[in-house]
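> sequence unknown, structure follows:
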């Protein structure tokens, strides 16, 4: 219990620091030439989402361009998701599983999630409206392996992080290209959903 309290206190303390100085830190990234330090800051910003991460990605994209900015944003988001996974997995998993098992339907959903964890995580990461913290925590509380979670998260985050950086860069250079970027991303999401449905249909047919 003491370990859980200490971990929670540390998390809240860092979150409060980001709440107080987040805007100043984000503004500083626009003028910094230290890519590794900016990636570390992006990780902290993703881990403590006081400022919406799409905004963070847009600022970094505007400062570094769509490719380097997208890479930095992706590194930050992926690293943060791994840290959150480890934080919950090794600090609160046993307690969380007990809560999940109290509800039969949630337990059944968790079992289904664990059987198709890689694809579910990857698809969830592709859709920006799915809160990243929900995927992080739910995966950590389940029995999904660390490597399946890490690889699926890293792959699934690539399109969204590139989109954030491209939008940020185009706001500063060519705003009209934003519609093109959003259109391409929408087509990508449509393709992902179509592949997912085809896969599920094939899976059902093979099991009958």
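Yep, that arrived. These numbers come from a predicted model, not from an experiment.
> any idea which residue sits dead centre in this protein?
Residue closest to the mean C-alpha point of the chain, counted by Cα atoms, centre = their mean, is residue 132 at 4.3 Å.
> measure that one to residue 126 for me?
Per Cβ to Cβ, to the nearest Å, residue 132 is found 12 Å from residue 126. Where C-beta positions appear, they are placed from N, C-alpha and C, glycine not excepted.
> try residue 153
Going from residue 153 to residue 126 by Cβ to Cβ gives 11 Å.
> Of those two, which one has the most company?
Counting neighbours by other Cβ atoms under 10 Å for residue 153 and for residue 126 shows that residue 153 has the greater number, 24 against 21.
> quick one: contacts for that one?
With contacts defined as Cβ atoms under 8 Å, 6 or more residues apart in numbering, residue 153 is in contact with 78, 81-82, 121-122, 125, 135.
> Ok, residue 48 next?
By Cβ under 8 Å, 6+ apart, the neighbours of residue 48 are 14-15, 18-19.
> got a list of what residue 113 touches?
Applying Cβ under 8 Å, 6+ apart, the residues near residue 113 are 120, 138, 142, 144.
> in which helix or strand would I find it?
Assigned by DSSP states H and E, residue 113 belongs to helix 104-115.
> Let me know the next secondary structure element after that helix.
Once the chain leaves helix 104-115, the next helix or strand it forms, by DSSP H and E, is helix 117-126.
> Give me the packing partners of that next one, helices and strands only.
helix 132-141, helix 146-172, helix 177-207 (3 or more Cβ pairs under 8 Å, 6 or more residues apart in numbering; DSSP states H and E).
> ok, and for the shortest one, which residues are buried?
Across helix 132-141, burial judged by 16 or more other Cβ atoms under 10 Å covers 132, 135-141.
> Let's have these in JSON lines, adding pLDDT and distance to residue 32.
Output for these, formatted as JSON lines (pLDDT from 0 to 100; distance: Cβ to Cβ, whole Å):
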{"residue": "132", "pLDDT": "83", "distance to residue 32": "24"}
{"residue": "135", "pLDDT": "87", "distance to residue 32": "29"}
{"residue": "136", "pLDDT": "88", "distance to residue 32": "27"}
{"residue": "137", "pLDDT": "85", "distance to residue 32": "31"}
{"residue": "138", "pLDDT": "86", "distance to residue 32": "34"}
{"residue": "139", "pLDDT": "88", "distance to residue 32": "32"}
{"residue": "140", "pLDDT": "88", "distance to residue 32": "32"}
{"residue": "141", "pLDDT": "85", "distance to residue 32": "36"}
